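Participant: I would like the atomic coordinates for the input below:
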Amino acid sequence: MNNSLTVVLITVVALAGVVVWFDRRCLADLARTGDRELRYFDRNTWALIIVLSFPIGPALYMLYAKGPGGRGRY
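Facilitator: Numbers count the residues shown, from 1 in each chain. Prediction:
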């Protein structure tokens, strides 16, 4: 019983670490991206989408925020 609890705790900590790492990478990329390069939403909206809707938010940011080839909305 104790071993299974340890395995579950290690798994939860590892998954939480991946979530935090992935969110930080997307937020760091958002911080480096200029306003003119973003599509559909402004910087604050993209930040909320990334943080509040894992794993869909970061995936949406990577797919739609900067567009194909990094081209922006202008």
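
Participant: make it CA atoms for all contacts and neighbour counts henceforth
Facilitator: OK.

Participant: residue nearest the middle of this protein, spatially speaking?
Facilitator: Closest residue to the average C-alpha location of the chain: residue 58 at 3.1 Å, with C-alpha atoms, centre = their mean.

Participant: for the protein, what's the longest helix?
Facilitator: For the chain, the helix with the greatest residue count under DSSP state H is helix 2-32.

Participant: what mean pLDDT does that helix get?
Facilitator: Across helix 2-32, the average pLDDT comes to 92.

Participant: ok, now stretch 55-72?
Facilitator: pLDDT averaged over stretch 55-72 gives 78.

Participant: next structured bit after the longest helix of the chain?
Facilitator: The helix or strand immediately downstream of helix 2-32 is helix 43-52, counting by DSSP states H and E.

Participant: tell me what the helix or strand that comes right after that next one is packed against?
Facilitator: Note on helix 43-52: by DSSP H and E, the next helix or strand toward the C-terminus is helix 56-60. Here helix 56-60 touches helix 2-32, helix 43-52, going by 3 or more C-alpha pairs under 8 Å, 6 or more residues apart in numbering; DSSP states H and E.

Participant: once you drop chain neighbours, what's closest to residue 27?
Facilitator: Excluding the flanking residues, the one nearest residue 27 by C-alpha to C-alpha, 6 or more residues apart in numbering is residue 47, at 6.6 Å.

Participant: and that neighbour, how many neighbours?
Facilitator: Residues lying near residue 47 (other C-alpha atoms under 10 Å) number 19.

Participant: need the contact list for the residue nearest to the centre of the chain.
Facilitator: Contact analysis of residue 58 by C-alpha atoms under 8 Å, 6 or more residues apart in numbering lists 22, 23, 26, 49, 50, 51.

Participant: surely the fifth one touches residue 24?
Facilitator: No: no contact is recorded between residue 50 and residue 24 when judged using C-alpha atoms under 8 Å, the distance being 9.3 Å.

Participant: comparing these two, which residue is more hemmed in?
Facilitator: More crowded of residue 50 and residue 24, by other C-alpha under 10 Å: residue 50, with 24 against 15.
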